Structure formats: C-alpha cells, structure tokens
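> Mind folding the following:
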Amino acid sequence: MTAFRVDEDRAAANARRNTLSRFDPAQEYDWNPYPTYARYRDEDPVHWGLPHDPRLPGVWYLFRHSECWRLFRMGLEDPAPIGGMPSKLGWSFGEGAPAAAQDYFNMRQRFLTAQDPPEHSRVRGVISAYFTPKHMEMLRPRVEEMVSDLFDHIEKSGKRSFDFIEMLAYPLPLMVVSELMGVPLKDRDLVHELSARLGAGFDIAGNFDGVLIAADAARRFREYLGPVFDEHRRHRTNDIIGGMVEAATDDGPLDELDLYATVSILIQGGQSTTMALLGRGVRALLLQREQFERLVDNPDGLAVPATEELLRFTSPAQRPPPRWVYEDIEIGGQLIRRGEAIQPMVGSANRDPATFSDPEHLDLSRKPNPHLGFGGGVHRCVGSTLARLQGQIVFAELARRMPDIQLDPDFVPTYLERHAVRAINSLKLVRP
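So this is what the prediction gives:
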C-alpha cells in the first residue's frame, strides 16, 4: 500500500459540496454546542469541516446517529476499511509535528484508540478481564464504600453550600481508577495532573499547543511509571499494572512501550470522562427536577437506566478520536475516499431526534436507549463498565442522602479546558 495525501484540489471539492459553512471544532470551552449540532444534523450531516490537526486539509464530521453507528460497525469488518492507524496510509502520527511533540506521538501510536486488530486485540486482551461486568460487581462494595465516605465528608463539613466537583466528582474517579490500576495512594494527585496534561493531546485545535503539553506529560509519565513497574515486578499484585507487568515478559504479549502507553491512557481516560458524567449528570438532573424526583422516589430501581440516560444526554466524550479511511467507503450518501479522516460526533448523535424521542429532555426510563456514549466497534471504551458503576452508585446515593439538594442559583459552572471531553470543573450545590 503506497503513501497517500489528500491534495488541495480534492479538499476544495469536498468543501464545495457542503451546505453549511465549515464546522470549526475549536470553540470556547463553555460554548453550548447542541444548537449547532442540531443545525448540522438537519442540514449538512456528513460534512467536510475544518481540521483539528493543522497537518490535515479537513475532516469529515458525522452528526447523525445513523452514520456514527454505521462507522463504528465498519470497524468490525474483516478487513476493516477504517481504523485508528494512519501508518496504514503511509505516514505516522508524529510526521510533520515539532520535535518536542514526538514523545507524545511515540506513546500515542500505542494507545488502544490508535490501534487496530491484531495489535489492538493483543493489548486489550490483557486488560479486558479487569473490566468485565462480573469483575465490576465484585468491585461494587468498595466503590459504594468510597462514595459513602465522600458523602459523609460533605455532610460532616456542615457546609450548606459545597462544590460537588471538588468534593465528589473529581476525587472519586481518581480514587477508583488508581486503586484498580495499582497506583500508590501518595502519588494520586501527581498522576491526575499528568493524566490531565496527557489528555491535552486529544484537543488539538488548529495548532500543536496541546500536543506540546501532552508530550511533557508523556515524558514525565515514563519517568514516574518506571519505578512503579519495577516495584510491581518485585512484589506481584492483583491489579491492572500487576497484570500488565506480568504480561510484558520476553515472550509475553506486551512490550515496555505497551506498558507505558496503556497504563497512561487508562488513567487519563478513567478520570476526566467519569468526572464529566457525574458533574454534568447531577446538573442535568437538578435542572430537570421532575426527573430527579423520580430518582428520589426509586433510587434502586432507576439507578441503572438513569445512568444510561445521563450518558446519552451528557456525552462526556463528545467526539472520540477520528478514524482513518483505508479504502473508499460510502456513508450517508457521500463517497469518502482513502486517506481522508472521519470524526464521529457522538455528542450530536446522542441527541438525534431520528433515534431518540424528545432528545433534549431527560427520561430516566427511556427504552430503548442505543446511545453512543462509549463509542462503538472494536474501539468501544474498555472502561465503560467502570464508568457505569460509579454513575449508578453516585446518582442513587445523592437521591437517597440529599433529596432536597438544589443548584446554587447564583453560581455559573465553569468548564474543563477540553474540547473532546465536555466536563464542568466546578458545580455549587445548596442543601436546604
């Protein structure tokens, strides 16, 4: 297969078929994207928009549920015509990027989101056993204990007004993923700082500023994780790092770069998206109060469907990494050719009225609920069961413990400086 580039003539032809002006993914962090999503979904659902990466001439954006779902299903074909590896098109993630960014791209090419089978299957096979529904149920009592302790701390503080993100939505995912991974308690704040900076690499917005931040985090992650891996080698542990270290032997399925890349991305992915679900989920419940009252009346019965509905409504990962087109495909009536990139906009797909009735409103008993909150296909989020577990426990416990909780009417939430993940980093609640 020879290398390929999308030339200027082809990019210009793609842009001419647009109905609307080229979509720009680089918006203000507190920008409400949903009205814009609705317009593109209605008028230009398969759209050649502006690139998030300055090396690309453009990206195909999919705004409807049907096309996003079809794209994910294409990734299951054998051989798949789309995937996460630009190397199959003859170029690397780091090509044309600054030298200081290469540490990030060297790590990113081993992320699960950037691999296709069999490479993807080789790595995912090692870690997937830790995220099965059965294993998550075994973890449930420990997560319930963590959530109960955090609520106890809120109540014992005696504060009438408190920041839900600071006191629960931020620390809980960090505590859970760190314990599951095998990160020492004393290191968790450092690990969160590094994971947040690593996540900046997914938020390229027309320049390499975020990638340079991520490259620094990649270097620091390697420096930090080396001794952690050595300690796990000396003392075998029943956690994800322990299992991965055991698999990274001379004849094992993983190598050293797999260790660094996979552990780093699991920590990064397990924190920000779950924080987004918890924070924006609680805000959505309290803004649509009648749905919260339903949860208060039946927390045990509605915890599971409520979490699914809030995953649909909030779409913590608004847009998973783009997919590269290895062979010409047709989607939504549009020919998309080899060498082009496609961005599924799951934040738009999850509010598509063609799939979800009254999508701008919560319905905690919505059924069916085929949301794409965790993506789909081979790259479906490996930690989906863990995020679900935390959502179910937190939403039910809030309803039981604080049935009269209110949003602070004078407080305007602030947003995490991420484009791919839509999360609030401060949310004031008031107890009567």
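
> which residues sit in contact with the most centrally placed residue in the chain?
The centre of the chain sits closest to Ala317, judged by CA atoms, centre = their mean, with a distance of 3.9 Å. Applying CB atoms under 8 Å, 6 or more residues apart in numbering to Ala317 gives the contacts Thr273, Ala276, Val346, Gly373, Phe374, Gly375, Cys381, Ala420, Val421. In this view, the C-beta of every residue, glycine as well, is placed from N, C-alpha and C.

> Can you get me a residue count around the last one?
Just to be clear, that refers to Val421. By the measure other CB atoms under 10 Å, the count of residues near Val421 is 23.

> beta partners for it?
Beta-bridge pairing for Val421 (DSSP bridges): Ala317.

> Is it in contact with Ser195, as I believe?
No. Contact criterion CB atoms under 8 Å: Val421 and Ser195 do not qualify, at 11.6 Å.

> what do those two both touch?
Common contacts of Val421 and Ser195 (CB under 8 Å, 6+ apart): Ser272.

> Which pLDDT value does the model give the residue nearest to His371 when sequence neighbours are not counted?
Using CB to CB, 6 or more residues apart in numbering and skipping residues adjacent in sequence, the residue nearest His371 is Arg312, 3.6 Å away. Predicted confidence (pLDDT) for Arg312: 98.

> Distance of the residue nearest to the centre of the chain relative to Thr355?
18 Å (CB to CB, to the nearest Å).

> Number of residues surrounding Leu174?
Neighbour number of Leu174 under other CB under 10 Å is 20.

> show me what contacts it?
For Leu174, the residues meeting the contact criterion (CB under 8 Å, 6+ apart) are Arg188, Val191, His192, Gln271.

> how does it look with 10 Å?
Val183, Arg188, Asp189, Val191, His192, Ser195, Ile267, Gly270, Gln271, Thr274, Met275 (CB atoms under 10 Å, 6 or more residues apart in numbering).

> Just the buried positions in stretch 33-42, please.
Within stretch 33-42, the residues that count as buried by 16 or more other CB atoms under 10 Å are Pro33, Thr36, Tyr37, Ala38, Tyr40, Arg41.

> Could you pull out the helices in the stretch 151-300 of the chain for me?
Assigned by DSSP state H, counting those that start in this stretch, the stretch 151-300 of the chain shows helices spanning 164, 171-181, 188-199, 209-234, 240-247, 256-287, 289-297, 299-314.

> okay if I get those helices as CSV plus distance to Pro368?
Converted to CSV, those look like this (distance: least, CB to CB, whole Å):
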stretch, distance to Pro368
helix 164, 30
helix 171-181, 27
helix 188-199, 31
helix 209-234, 37
helix 240-247, 32
helix 256-287, 20
helix 289-297, 18
helix 299-314, 10
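
> For Ala114, find the nearest of those helices.
Set against Ala114 and scored by CB to CB, the helices of the stretch 151-300 of the chain come closest in helix 256-287, at 8.8 Å.

> so how far is the helix or strand of the chain with the lowest mean pLDDT from its chain's centroid?
One helix or strand of the chain scores below all others by mean pLDDT, DSSP states H and E: helix 188-199, with a mean of 85. Distance of helix 188-199 from its chain centroid, counting by CA atoms, centre = their mean, to the nearest Å, is 15 Å.

> what's that helix packed up against?
When contacts are defined as 3 or more CB pairs under 10 Å, 6 or more residues apart in numbering; DSSP states H and E, helix 188-199 packs onto helix 102-108, helix 171-181, helix 209-234, helix 256-287.

> do that again at 8 Å, thanks
Here helix 188-199 touches helix 171-181, helix 209-234, helix 256-287, going by 3 or more CB pairs under 8 Å, 6 or more residues apart in numbering; DSSP states H and E.

> on that earlier part again, how much space separates the residue nearest to the centre of the chain from Gln102?
Ala317 is 26 Å from Gln102, where distance means CB to CB.

> before we move on, what about Asp258?
The gap separating Asp258 from Gln102 is 18 Å, by CB to CB.

> Kindly report the same for Asp251.
Counting by CB to CB, the separation of Asp251 from Gln102 is 29 Å.

> Tell me how far the residue nearest to Val183 when sequence neighbours are not counted lies from Arg197.
Residue nearest to Val183 in three dimensions, not counting chain neighbours: Val191, with 5.4 Å by CB to CB, 6+ apart. Noted for Val191: a distance of 11 Å to Arg197, by CB to CB.

> Format the helices and strands packed on helix 188-199 as a markdown table; extra columns: distance to Pro86.
A markdown table is the format used below for the helices and strands packed on helix 188-199 (distance: least, CB to CB, whole Å):
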| stretch | distance to Pro86 |
| --- | --- |
| helix 171-181 | 28 |
| helix 209-234 | 15 |
| helix 256-287 | 16 |
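
> where does the chain dip in pLDDT?
1-4, 205-206, 250 (pLDDT under 70).

> what about Pro173, neighbour count?
Using other CB under 10 Å, Pro173 has 26 other residues around it.

> just checking, it touches Thr274?
Yes. Counting by CB under 8 Å, Pro173 does reach Thr274; the two are 3.9 Å apart.

> what sits in contact with each of the two?
Common contacts of Pro173 and Thr274, defined by CB under 8 Å, 6+ apart, comprise Gln390.

> from memory Thr385 sits against Thr132, does it?
Yes. Using CB under 8 Å, Thr385 is in contact with Thr132, at 7.0 Å.

> So which of the two has more stuff around it?
Neighbours per residue, other CB under 10 Å: of Thr385 and Thr132, the larger number sits with Thr385, 18 against 11.

> what about the residue lying closest to the more buried one once chain neighbours are set aside, which helix or strand?
Closest residue in space to Thr385, ignoring its immediate chain neighbours: Met136 at 4.5 Å, by CB to CB, 6+ apart. Assessed by DSSP states H and E, Met136 sits inside helix 133-157.

> Touching that helix from outside, list them.
Residues from elsewhere that reach helix 133-157 (CB under 8 Å, 6+ apart): 129, 162, 167-168, 171-172, 175-176, 179-180, 385-386, 388-390, 393-394, 397-398, 401-402.

> In strands only, show me those residues.
Judged by DSSP state E, the subset of the contacts of helix 133-157 located in strands is Phe162.

> which of the contacts of helix 133-157 are buried?
Using 16+ other CB under 10 Å as the burial test, these include 162, 167-168, 171-172, 175-176, 179-180, 385-386, 388-390, 393-394, 397-398, 401-402 as buried.
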